[in-house]
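S.K.: Model the structure of this input:
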Amino acid sequence: MTRPLRPRLGFLGTGWIGRHRMAAMAGTDLADIVAVAEPDDAAAAEALQLAPAARRVDGLDALLDAGVDGVVIATPSAAHAAQSTAALSAGKAVFCQKPLGRSAAEVAAVVEAAACADRLLGVDLSYRHTAGMTAIRDLLAQGALGHVFGVDLLFHNAWGPDKPWFYDPALSGGGCVADLGVHMVDMALWALDWPEVTGVQSRLFAKGAPLADPDRQVEDYAVATLDLAGGTVVRLGCSWGLQAGRPAVIGAEFFGAEGGASLRNVDGSFYDLIAARHHHTQEEPLSSLPDEWGGRAAVDWLARLAQGAGHDPRSDRLVTVARVLDAIYGRA
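M.R.: All right, here's what the predicted structure looks like:
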């Protein structure tokens, strides 16, 4: 089926992140935002200020009946897979917050639904859309660093989430790995052009002790090692509530035989990230601030939707990342 050149969008969940992505999409003038489903009156009112032509509806079914071509989902993690599958099966394109599912099985079911419906599926894995990571990926594609034998990934959120469901494994699917590690695993595999992951080792902690009961508790500190085909080793560290001395520590370091490159956050920021190329003890900038990257994944999805894109076979890579997370959790 040919998609409309100006899609009609519905938003399911308009908390802070949902409204931020709404503002980014509205700023493109590529689509009409026609419906909002949000149970909180204040959040719905703020969303309708961003999209005054939209109407508020009650829940996903009403949203799907509102004549939309695409659904933007920003609800708690436990609902993502079922809501995405329902929207896709109803013939709607979907852009969903991460994680798409609480397990690789959930993610694979959503990707299968997108393939069966021939609808565009996008997930808000936004850190790969920073100017710095784009520059680093270009270097890697050119072979400018030589053989990349090591990658170090860090994402420490010294605050931790403020909503109780994040700490319930049945609702969240996991702790800091599901919340933060998913960004870093996706970013690294994408930058390296999706090499096969041949082995995973990990250790998970909760409140300073090894995670003892993953059915009742989520990890707030995790370290993992990924072995990749071709000999590259990736080390991942992520946490919530770490005594980090700053709000966030975010970094991705790529070590090659002929050079290196890094993405690092500035002054503890979650949003200000810059990249540099390394020549032994010297470095040169690859990106600069400001870099308004937060809505780029959403805008990229919308631009493809407006061009008539259907199912993207590269969605299978969402399953690849989810399987790595399952392995970190010992579920595979």
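S.K.: from here on, contacts and neighbour counts on C-alpha atoms
M.R.: Noted.
S.K.: Which pLDDT does the model give the spatially most central residue of the chain?
M.R.: Centre of the chain computed as the mean C-alpha position; nearest residue by C-alpha atoms, centre = their mean is Leu125, 2.3 Å away. In this model, Leu125 is scored at 97, pLDDT.
S.K.: List the residues that contact it.
M.R.: By C-alpha atoms under 8 Å, 6 or more residues apart in numbering, the contact list for Leu125 reads 97-98, 183, 186, 297.
S.K.: how far away is it from Pro99?
M.R.: Distance, Leu125 to Pro99, using C-alpha to C-alpha, to the nearest Å: 9 Å.
S.K.: where do the helices sit along this structure?
M.R.: Here the chain has its helices, by DSSP state H, at 16-26, 41-50, 59-64, 77-89, 104-117, 131-142, 169-172, 176, 182-191, 296-306, 316-328.
S.K.: for those, which one ends up most surrounded?
M.R.: Most buried of the helices of the chain by mean neighbour count (mean count of other C-alpha atoms under 10 Å) is helix 176; its value is a mean of 27.
S.K.: could you give me the average pLDDT of it?
M.R.: 98.
S.K.: And it, what does it pack against?
M.R.: strand 233-240 (3 or more C-alpha pairs under 8 Å, 6 or more residues apart in numbering; DSSP states H and E).
S.K.: Extract the C-alpha set from the strand it packs on and format it as PDB.
M.R.: Taking C-alpha atoms only, strand 233-240 is exported to PDB below (Å, rounded to 0.1, in the frame of the first residue of the first chain):
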ATOM      1  CA  VAL A 233      36.300  -7.000  22.300                       C
ATOM      2  CA  VAL A 234      33.700  -4.600  23.700                       C
ATOM      3  CA  ARG A 235      33.500  -3.700  27.400                       C
ATOM      4  CA  LEU A 236      30.300  -2.300  28.700                       C
ATOM      5  CA  GLY A 237      29.700  -0.600  32.100                       C
ATOM      6  CA  CYS A 238      26.400   1.000  33.100                       C
ATOM      7  CA  SER A 239      24.600   2.000  36.300                       C
ATOM      8  CA  TRP A 240      21.900   3.900  38.200                       C
END
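S.K.: Report all helices and strands that that strand contacts.
M.R.: By 3+ C-alpha pairs under 8 Å, 6+ apart, strand 233-240 packs against strand 148-157, helix 176, strand 221-228.
S.K.: quick one, what contacts the residue nearest to Pro210 when sequence neighbours are not counted?
M.R.: Excluding its sequence neighbours, the residue lying closest to Pro210 (C-alpha to C-alpha, 6 or more residues apart in numbering) is Leu204, at 5.9 Å. Contacts for Leu204 (C-alpha under 8 Å, 6+ apart) come out as 210-211, 219-223, 329.
S.K.: Give me the buried subset of these.
M.R.: With neighbours counted using 16 or more other C-alpha atoms under 10 Å, those contain these buried positions: 211, 219-223, 329.
S.K.: Of those, which is the nearest to Asp69?
M.R.: Tyr329 (35.9 Å; C-alpha to C-alpha).
S.K.: Please state the backbone phi and psi of that closest one?
M.R.: When read as degrees, to the nearest 10, the backbone of Tyr329 gives phi -80, psi 0.
S.K.: check contacts around it.
M.R.: 202, 204.
S.K.: Show the pLDDT at it.
M.R.: For Tyr329, pLDDT reads 97.
S.K.: One more: Ala332?
M.R.: 69.
S.K.: Quick check: the spatially most distant residue from the centre of the chain vs Phe149, distance?
M.R.: Largest separation from the mean C-alpha position in the chain: Thr281, at 32.3 Å (C-alpha atoms, centre = their mean). Per C-alpha to C-alpha, Thr281 is found 18 Å from Phe149.
S.K.: now swap in Arg102 and tell me
M.R.: Computed as C-alpha to C-alpha, the Arg102 to Phe149 distance reads 30 Å.
S.K.: OK, contacts around Trp194?
M.R.: With contacts defined as C-alpha under 8 Å, 6+ apart, Trp194 has no neighbours.
S.K.: ok, now with 10 Å
M.R.: 186-188, 228-229, 317, 320-321 (C-alpha atoms under 10 Å, 6 or more residues apart in numbering).
S.K.: cool, and Gly70?
M.R.: Residues near Gly70 by C-alpha under 10 Å, 6+ apart: 7-11, 31, 33, 63-64, 87-88, 91-95, 119-121, 302, 305.
S.K.: May I have stretch 316-325 exported as CSV, CA atoms only?
M.R.: Extracted C-alpha coordinates of stretch 316-325, given in CSV (Å, rounded to 0.1, in the frame of the first residue of the first chain):
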residue,chain,number,x,y,z
ASP,A,316,16.1,-7.4,12.3
ARG,A,317,19.0,-5.6,14.0
LEU,A,318,16.7,-4.6,16.8
VAL,A,319,16.5,-8.4,17.6
THR,A,320,20.3,-8.6,17.4
VAL,A,321,20.6,-6.0,20.1
ALA,A,322,17.9,-7.6,22.2
ARG,A,323,19.6,-11.0,22.1
VAL,A,324,22.8,-9.4,23.4
LEU,A,325,20.8,-7.9,26.3
